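Student: Structure for this input, please:
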Amino acid sequence: DVQLQASGGGSVQPGGPLRLSCAASGLAFDDYAIAWFRQDPGKEREPISCIRNGDKTTYYKTSVKGRFTISSDSAKSTVYLHMNSLKPEDTAVYYCNAIRHGVNYWGQGTQVTVSS
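Tutor: This is a model prediction of the structure:
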């Protein structure tokens, strides 16, 4: 079975850092792209960053570009989202998603709260 385990969420003050992890199992890791989404209550889930594990091509939503960095460790089948200069508007539940040829898998969410 494919499993995606997201972790690393928590509470942080504005301007602080957090690192999220998404550990994948049950799939050919390098054949997939892994994306991070986030969702506020009452809003749609939105993609914020993605990495294609095979060639490490990355994508960032404009609002996080320059603050967030996505990286991938194929040996550990894990994707990281390094978040810096966090803002209150980054508060959301963050989800990771594995995508390949239209098939995708979701992990459980991890809560990120940015507040003073």
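Student: from here on, contacts and neighbour counts on C-alpha atoms
Tutor: Fine.
Student: Now do the strands in the protein.
Tutor: Applying DSSP state E to the chain gives strands spanning 3-7, 10-12, 18-25, 33-39, 46-52, 57-60, 68-73, 78-83, 92-100, 103-106, 110-114.
Student: Apart from its chain neighbours, what residue comes closest to Q3?
Tutor: What sits nearest to Q3 in space, not counting adjacent residues and going by C-alpha to C-alpha, 6 or more residues apart in numbering, is S25, at 5.3 Å.
Student: pretty sure that neighbour contacts K76?
Tutor: No. The criterion here is C-alpha atoms under 8 Å, and S25 misses it with K76 at 9.5 Å.
Student: what about the two, which has more around it?
Tutor: Between S25 and K76, S25 has the larger neighbour count (other C-alpha atoms under 10 Å), namely 15 against 11.
Student: So which helix or strand of the protein has the lowest pLDDT on average?
Tutor: strand 103-106 (a mean of 94; mean pLDDT, DSSP states H and E).
Student: How much space separates the residue nearest to the spatial centre of the chain from S49?
Tutor: By C-alpha atoms, centre = their mean, the chain has its centre lying nearest to W36, at 3.0 Å. According to C-alpha to C-alpha, to the nearest Å, W36 stands 5 Å off from S49.
Student: Can you report how many residues lie near K56?
Tutor: Residues near K56, counting by other C-alpha under 10 Å, number 15.
Student: hang on, I meant L81
Tutor: Residues contacting L81 under the criterion other C-alpha under 10 Å number 21.
Student: so what's the nearest residue to it once chain neighbours are set aside up against?
Tutor: Nearest non-adjacent residue to L81, counting by C-alpha to C-alpha, 6+ apart: I70, 4.6 Å away. Shown in contact with I70 (C-alpha atoms under 8 Å, 6 or more residues apart in numbering): 49-51, 58, 79-82.
Student: Now tabulate the residues you listed in a markdown table and tack on pLDDT and distance to P17.
Tutor: As requested, the contacts of I70 are exported to a markdown table (pLDDT from 0 to 100; distance: C-alpha to C-alpha, whole Å):
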| residue | pLDDT | distance to P17 |
| --- | --- | --- |
| S49 | 98 | 16 |
| C50 | 98 | 19 |
| I51 | 97 | 20 |
| T58 | 97 | 20 |
| V79 | 97 | 17 |
| Y80 | 98 | 13 |
| L81 | 98 | 10 |
| H82 | 98 | 7 |
